[in-house]
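Visitor: Fold the following.
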Amino acid sequence: MATGEKENRESLLKKVYYENCPGCKVEEEKALQRGVPVRKLMAIWMIVLSAVLFASQIRDFHIAKREEDIGFYAGYVGSSYMLGRALTSVFWGIVADRYGRKPVIIIGTIAVVVFNTLFGLSVNFWMALATRFLLGSLNGLLGPIKAYASEVFREEHQALGMSTVSTAWGIGLIIGPALGGFFAQPAEKYPTIFSPDSIFGRFPYFLPCLCISIFAVGVTIACFWLPETLHNHNENARLHDDSLEALESASCGSDANKVKPKTEEQIPKENLMKNWPLISSILVYCVFSLHDMAYSEIFSLWAESPRKLGGLSYTTENVGEILAISGLGLFVFQTTLYPYVEKMLGPIRIARIGGVLTIPLLSSYPFIALLSGLSLSVLLNIASLLKNVISIMIVTGLFILQNRAVDQRQRGAANGISMTAMSLFKAFGPAGGGAVFSWAQKRLDASILPGIQMVFFILNLVELLAVLMTFKPFLTVRDDRQG
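Guide: Sure, this is the predicted structure:
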């Protein structure tokens with residue numbers, strides 16, 4: 001009797017792998033895997049990086065009549081991309097749940113190649129706006145790649161996998177403007193190499209866009225060897241993870257033959273909109289993302305604006321250097337220290353502590369602008385690095401919470417909902433940030449929070465709201481996975 005019960009428990013605990021199922025092949029590889037899966041981390045890193053790299057400048061379109069209005073129009077270019085992504089993210093998530101993560105990822109990288117190149121060839125502001133909107137609509141890989149990262153790694157490496165997604169995302173948002181700073185207007189910066197009559201002279205921002213597109217071509221080709229993680233069983237297939245109820249029945253001495261395995265089709269899908277752990281983590285993520293997107297837009301505008309308007313009078317090359325240093329520091333931190341920080345504090349505490357630290361950090365920016373020379377350069381690089389590290393730590397933790405809140409069958413759709421909501425908030429971020437920045441530059445003589453001080457004060461209010469939302473009863477987590 002005891003022997004039969006033991007055999008029954010072992011059979012129930014044993015995983016079942018199906019020969020022609022790509023998801024099962026990945027699961028089997030995970031079971032045999034030892035050590036950190038560096039190749040998978042690099043693959044995810046390159047895919048995400050190719051999707052978020054973007055070099056944007058609108059000065060040469062001459063749509064802004066005044067220096068103060070450039071930020072206003074620049075914000076709309078970024079917002080058009082987010083609006084396009086908001087309209088299609090749920091669709092791409094459903095496609096990823098039905099047909100697999102891999103096809104959506106490949107379509108997304110192809111969209112980057114096509115529309116990023118067209119953006120570099122834009123002849124006016126409206127063409128730039130349209131190409132960014134179409135890229136956002138057709139590049140739906142960011143939601144599925146988060147689901148993919150949560151599925152392709154063993155549980156002990158999932159924090160590192162999610163960290164790779166958010167790190168590549170953050171570095172892409174840093175490297176993109178840096179590329180624009182170094183390679184934009186090459187005929188003016190490097191006249192011995194690029195002729196004013198060449199295509200790079202006629203389209204001053206085509207070179208950085210071309211560099212990004214070439215990188216995306218390489219990533220697209222590499223994606224064809226990417227393993228699919230979605231399970232593809234026949235209609236009578238059993239679930240991989242045997243039911244807990246069956247195991248409990250066996251431990252109580254029940255007849256194992258009476259336990260009928262459930263098929264995937266027999267288990268109803270949860271209504272994601274009623275999944276509060278998922279929805280609450282998405283909403284918190286959206287507010288943090290709104291802050292980060294507005295900050296990214298404002299930082300470059302502030303650094304490049306004249307001293308008389310409260311800026312730093314930096315060139316695009318100066319901004320590129322700062323962003324490159326921040327990107328390198330961010331990469332080192334996220335790939336080495338973040339998994340240990342996440343294990344020690346948990347994603348929720350990281351969000352709270354990071355949000356609280358961001359407020360005094362941003363409050364120091366207007367005073368940093370009063371410095372000059374080496375002291376300005378050193379303090380600005382330190383502040384930029386700290387801000388980006390904190391932001392990406394928060395985003396990574398919220399990625400983890402979102403993917404823990406749902407089962408694999410709905411992970412693509414869940415991340416699609418997350419990307420839709422986040423994109424709506426981020427669509428407002430660049431436009432709102434640019435508009436606030438332009439407005440602040442017109443009130444330099446105000447008695448309360450003059451000029452750029454008002455911009456960072458508003459950013460801090462948004463960050464404070466996000467921190468408050470990380471507490472109960474608003475933010476809840478699934479089961480016993482507390483932050």
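Visitor: Below-threshold pLDDT in the protein: ranges please.
Guide: Low-confidence segments of the chain (pLDDT under 70): 1-15, 55-75, 233-270, 479-483.
Visitor: make it 50
Guide: Along the chain, the model assigns pLDDT under 50 to residues 1, 5, 7-13, 235-251, 253-261, 263-266, 480-483.
Visitor: Report the contact partners of Phe115.
Guide: By CB atoms under 8 Å, 6 or more residues apart in numbering, Phe115 lies in contact with 131-132, 134-135, 138-139. Using the backbone N, CA and C atoms, a C-beta is placed for each residue, glycine as well.
Visitor: Could I get the full set of helices for the stretch 251-400 of the chain?
Guide: Using DSSP state H, counting those that start in this stretch, the helices of the stretch 251-400 of the chain run over residues 276-304, 316-336, 338-345, 347-363, 365-368, 373-404.
Visitor: Scan the contacts of Phe115 and report the most crowded one.
Guide: Highest neighbour count within these: Asn139, with 29 neighbours (other CB atoms under 10 Å).
Visitor: Surely that residue is in contact with Val52?
Guide: No. When contacts are counted by CB atoms under 8 Å, Asn139 is not listed as touching Val52 (9.3 Å).
Visitor: what's the burial count for Leu376?
Guide: Neighbourhood size, Leu376 [other CB under 10 Å]: 15.
Visitor: now for whichever strand or helix holds Ser150, which elements pack on it?
Guide: Secondary structure from DSSP states H and E places Ser150 in helix 142-152. With contacts taken as 3 or more CB pairs under 8 Å, 6 or more residues apart in numbering; DSSP states H and E, helix 142-152 sits against helix 22-32, helix 38-52, helix 70-99, helix 101-120, helix 158-183, helix 373-404, helix 411-441.
Visitor: Could you rerun that using 6 Å?
Guide: Applying 3 or more CB pairs under 6 Å, 6 or more residues apart in numbering; DSSP states H and E, one finds that helix 142-152 makes contact with helix 38-52, helix 70-99, helix 101-120, helix 158-183, helix 411-441.
Visitor: hey, which of the helices of the stretch 251-400 of the chain is tucked in deepest?
Guide: Highest mean neighbour count among these (mean count of other CB atoms under 10 Å): helix 276-304, with a mean of 24.
Visitor: by contact count, what packs against it?
Guide: Applying 3+ CB pairs under 6 Å, 6+ apart, we find helix 276-304 packed against helix 373-404, helix 411-441, helix 452-468.
Visitor: right, so of these, which gets closest to His231?
Guide: helix 411-441 (11.5 Å; CB to CB).
Visitor: what's the nearest residue to Leu141 if we skip its chain neighbours?
Guide: Once flanking residues are discounted, Leu141 sits nearest to Gly108: 3.1 Å by CB to CB, 6 or more residues apart in numbering.
Visitor: now do Leu330
Guide: Once flanking residues are discounted, Leu330 sits nearest to Asn388: 5.1 Å by CB to CB, 6+ apart.
Visitor: you'd agree the one you found is up against Ser326?
Guide: Yes. Here Asn388 lies in contact with Ser326, judged by CB atoms under 6 Å, at a distance of 4.8 Å.
Visitor: buried ones in stretch 20-29?
Guide: By 16 or more other CB atoms under 10 Å, the buried positions in stretch 20-29 come out as 21-27.
Visitor: Please name the residues that touch Ile106.
Guide: Shown in contact with Ile106 (CB atoms under 6 Å, 6 or more residues apart in numbering): Cys223.
Visitor: how does it look with 8 Å?
Guide: Neighbouring residues of Ile106 by CB under 8 Å, 6+ apart: 220, 223-224.
Visitor: Give me the buried subset of the residues you listed.
Guide: Neighbour counting by 16+ other CB under 10 Å classes 220, 223 among these as buried.
Visitor: about what we covered before: could you tell me the angle between the helix holding Ser150 and helix 411-441?
Guide: Using axes from the mean of the first three to the mean of the last three CA atoms, to 10 degrees, one finds that helix 142-152 and helix 411-441 are set 130 degrees apart in direction.
Visitor: just to revisit the earlier point, out of the helices and strands packed on helix 276-304, which comes closest to Arg85?
Guide: helix 411-441 (4.1 Å).
Visitor: Check which residues of that closest one are buried.
Guide: For helix 411-441, by 16+ other CB under 10 Å, it's 411-438, 440-441.
Visitor: do stretch 157-176 as well
Guide: Burial within stretch 157-176, assessed by neighbour count using 16+ other CB under 10 Å, is assigned to 157-176.
Visitor: related to what we said a few turns ago, Thr358: which of the contacts of Phe115 is nearest?
Guide: Taking these together and measuring to Thr358 by CB to CB, the closest member is Arg132, at 27.8 Å.
Visitor: what sits up against the helix or strand the closest one falls within?
Guide: Using DSSP H and E, Arg132 maps to helix 125-138. With contact meaning CB under 8 Å, 6+ apart, helix 125-138 is reached by 58, 61, 63, 73, 76-78, 80-88, 107-108, 111-112, 115-116, 118-119, 122, 423.
Visitor: and Val16, what element?
Guide: Val16 is located outside every helix and strand, with elements delineated by DSSP H and E.
Visitor: That one: how many residues sit nearby?
Guide: Neighbours around Val16, by other CB under 10 Å: 15.
Visitor: And the one 3 residues further on, by the same measure?
Guide: Residues lying near Glu19 (other CB under 10 Å) number 6.
Visitor: From Pro306, how far out is it?
Guide: Glu19 sits 67 Å away from Pro306, taking CB to CB, to the nearest Å as the criterion.
Visitor: for Gly451, same thing?
Guide: 12 Å.
Visitor: can you check Ser447 too?
Guide: Taking CB to CB, one finds Ser447 at 23 Å from Pro306.
Visitor: go on, Tyr17?
Guide: The span separating Tyr17 from Pro306 equals 64 Å under the rule CB to CB.
Visitor: picking up where we left off before, now do the helix holding Ser150: distance to the chain's middle.
Guide: Chain-centre distance of helix 142-152: 11 Å, with CA atoms, centre = their mean, to the nearest Å.
Visitor: Contacts for it, please.
Guide: Contacts of helix 142-152 (CB under 8 Å, 6+ apart): 23, 26, 30, 37, 40, 44, 47-48, 51-52, 85, 89, 92-93, 96, 101, 104-105, 108, 158, 161-162, 164-165, 169, 227, 229, 399-400, 402-403, 408, 411-412, 414-416, 418-419.
Visitor: likewise stretch 316-330?
Guide: Residues outside stretch 316-330 that contact it (CB under 8 Å, 6+ apart): 57, 167, 170-171, 174-175, 177-182, 184, 300, 303-304, 312, 314, 380-381, 384-385, 387-389, 392.
Visitor: quick one: it to chain centroid distance?
Guide: 19 Å.
Visitor: With stretch 425-444 instead?
Guide: Worked out by CA atoms, centre = their mean, stretch 425-444 lies 22 Å from the chain centre.
Visitor: Distance of the residue nearest to Asp97 when sequence neighbours are not counted relative to Gly143?
Guide: In this structure, Asp97 finds its nearest non-sequential neighbour in Gly412, 3.8 Å apart by CB to CB, 6+ apart. For Gly412, the distance to Gly143 equals 7 Å [CB to CB].
Visitor: Need the residues touching each of these two.
Guide: 93, 96.
Visitor: All good on my end, thank you.
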